[in-house]
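>>> Need coordinates for the below:
(chains A and B)
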Amino acid sequence: MEPTPHPPQPAPDRAGSGFPRTVLGADDAHRALRRLAHEILESRKGAEPPVLVGIRTGGDHLARELAGILARIDGKEPPVGLLDITLYRDDLGDRLDQPELRETRIDFDITGRDVLLVDDVLFTGRTIRAALNALMDFGRPARVLLAVLVDRGHRELPIRPDFVGKNIPTEAGDRVEVVFDAEDRLQGVEVYPRKAA
Amino acid sequence: MNAQAGVAVGKDLLGLKGLPAETVTALLDTTETLLEVGERTVKKVPALRGKTVANLFYEPSTRTRTSFELAAKRLSADVLNVSIPASSVVKGETLIDTARAFEAMNISTVVVRHAASGAPQLLARALQSHVINAGDGSHEHPTQALLDLFTIRRAKGGIAGLTVVVVGDISHSRVARSGLIGLTKLGAHVRLVGPPTMIPVGVAELAEAPGTCTVYHDLDEALEGADVIMPLRLQLERQGAPLFPGRREYTVRWGVDRRRVARARPDAVVMHPGPMNRGVEIAADVADGDRSCILSQVTHGVAVRMAVLYHYSGEPGGAA
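Next up, the predicted model:
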């Protein structure tokens, strides 16, 4: 199903005001996702596609869309698991109120398989560190690869993606949001600049 | 990492009375996600790594204590089990002094079971640590009620609108009290059944909404249209004066057997907080029958206690 194209949106780029600017519209975002799918398949050199594990929230929706695109190109739809990394966060218990947990569901065995972690935004790398720890509790994958829609820089750990939809330079205080519609389909990526001092 | 909204639950879990329905639902929702951990190969998550949970059990208990212990260990917490007869309490140390000693060792959470109603509340006021009530006197047993609520929610798809029959020694049962509060808080109707000597006057007023609790003395009558049947253990060790003529008469009049289960709805389920007196308050073939959720209650108990320990482990001095 192709997304309905809409007219380009004027970006109200008033830095410091907190208004978002659209860095990827719906069309561009979907093109980036399709390009990711092709890159992933090309890298496999004929071997079967990896299993996908989407990191909640955001990475889970993208993993499902990616699986669908891979199925259309290649004829084979890879299994998709969902991973909530809250229990593995490095900042748990620092606050009085614990964050809400979401379901983790990985119904297939990952031992000996290539696992492709999928997330929407790669930032400090701490989420991916937590996801790696969580994955290791589910089994021993042969390899773990990482696909992200957006890499916004500012890594705090030695983590690097294998497949990137778009590199978007940001300030550390900016907020990057990948937008999904009510059916969890990708709608675009917005950056909320940090408010001016 | 993006900051995620925290779920506010307060410092201590002393009972279900006074807990908002949203908090109860949040605890059940967390339980749902933590159930999956018990099905993994590596049944452990690092959520409480570096934190210590102390089980302070002043009353004998195998199942509740091991359930809490397993829950804490699955969250990677360190666990201390304090067995009271073997401890300094025998030498006369007060409850508060014992607990303060643990707090001085930086214990994050104290799980306490005590014969005196209100003991956990006393501790909660005296300690900075989180205090979880694992059963106090005849007052409350919140984690048991939570696991019963979770089991019912899973078996029936929800709680609101259900008719739940609780039969047995209501007056000595903290399980019945917490259960009554929890069930009526989430919209169920509770029927309390037992000999008049075992049902305190005014107990129906504990219900969270008027008219949601009815008292019966005839079990056959109470079972008409029931969705859930919960016999309570006949607590022979707790009673001073005999409150019924004999075990045989109790079983004949209030025992849950196949014939009685057939009076309830065709899809009704049978539960029991354990340990069971087979053949007394519950027939063996009912306990082992296909309507029984008793074993899943035990599985859910670990997940519920993981959810409770997870939510009641934040840094007391930390930002909300």
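>>> Tell me which stretches of the stretch 1-150 of chain B form helices.
For the stretch 1-150 of chain B, the helices defined by DSSP state H, counting those that start in this stretch occupy B:21-34, B:63-74, B:95-103, B:119-126, B:142-156.
>>> who touches the third one?
In this structure, residues lying in contact with helix B:95-103 by Cβ atoms under 8 Å, 6 or more residues apart in numbering or on different chains are B:54, B:56, B:58, B:80, B:82, B:87-89, B:110, B:112, B:114, B:119, B:122-123, B:126-129. In short, each C-beta sits where N, CA and C put it, glycine included.
>>> So what's the residue count around whichever residue of chain A sits closest to chain B?
Closest to chain B within chain A is A:Asp97: 2.8 Å, counting by Cβ to the nearest Cβ. Other residues within reach of A:Asp97, judged by other Cβ atoms under 10 Å in any protein chain shown, total 18.
>>> Can you tell me the closest non-neighbouring residue to it?
B:Gly6 (2.8 Å; Cβ to Cβ, 6 or more residues apart in numbering or on different chains).
>>> can you pull the contacts of that neighbour?
By Cβ under 8 Å, 6+ apart, the neighbours of B:Gly6 are A:95-100, B:314, B:320.
>>> So which bits of chain A are right by chain B?
A:84, A:86-105, A:123-124, A:126-127, A:130, A:133-134, A:137-139 (Cβ under 8 Å from any Cβ of the partner chain).
>>> again, only this time at 6 Å
Contact residues, chain A versus chain B (Cβ under 6 Å from any Cβ of the partner chain): A:87-88, A:92-101, A:103-104, A:126-127, A:137.
>>> In ChimeraX, select just the buried ones from the residues you listed.
Applying 16 or more other Cβ atoms under 10 Å in any protein chain shown to the residues of chain A next to chain B leaves a buried subset, and the ChimeraX line that selects it is:
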select /A:87,88,92,93,95,96,97,98,99,100,101,104,126,127,137
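>>> Filter the residues of chain A next to chain B down to the ones in helices?
A:126-127 (DSSP state H).
>>> What about the residues of chain A next to chain B, which are in strands?
The members of the residues of chain A next to chain B that map onto strands under DSSP state E are A:98-99.
>>> What count of nearby residues applies to B:Glu39?
8.
>>> for it, what are its contacts?
By Cβ atoms under 6 Å, 6 or more residues apart in numbering or on different chains, the contact set of B:Glu39 is empty.
>>> and if you look at B:Leu192?
Applying Cβ under 6 Å, 6+ apart to B:Leu192 gives the contacts B:166, B:170, B:215.
>>> Now flag whichever of those is closest to chain A.
For the contacts of B:Leu192, the nearest to chain A is B:Val166 (30.3 Å; Cβ to the nearest Cβ).
>>> Assumed the closest one was part of a helix.
No - under DSSP: H, G, I helix; E, B strand; the rest coil, B:Val166 falls outside any helix and is assigned strand.
>>> and the closest residue to it other than its chain neighbours, backbone torsions?
Once flanking residues are discounted, B:Val166 sits nearest to B:Met230: 4.8 Å by Cβ to Cβ, 6+ apart. When read as degrees, to the nearest 10, the backbone of B:Met230 gives phi -120, psi 100.
>>> what residues does stretch B:197-204 touch?
With contacts defined as Cβ under 6 Å, 6+ apart, stretch B:197-204 is touched by B:169-171, B:213, B:215, B:243.
>>> residues near B:Asp220, how many?
B:Asp220 has 12 nearby residues by other Cβ under 10 Å.
>>> my bad, A:Tyr192
Using other Cβ under 10 Å, the number of residues around A:Tyr192 comes to 16.
>>> Before we move on, what's the pLDDT of it?
Looking at A:Tyr192, its pLDDT reads 91.
>>> how about the helices of chain A, start to end?
Going by DSSP H, chain A shows helices at A:26-44, A:59-74, A:126-136.
>>> Same list (these) but as TSV, adding mean pLDDT.
As requested, the helices of chain A are exported to TSV (pLDDT from 0 to 100):
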stretch	mean pLDDT
helix A:26-44	95
helix A:59-74	95
helix A:126-136	96
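>>> Just give me the neighbour total for B:Leu206.
When neighbours are counted by other Cβ under 10 Å, B:Leu206 registers 17.
>>> Not counting residues beside it along the chain, what's closest to it?
Closest to B:Leu206 by Cβ to Cβ, 6+ apart is B:Leu180, at 5.5 Å.
>>> in chain A, what spans have low per-residue confidence?
Chain A contains residues with pLDDT under 70 at A:1-18, A:196-197.
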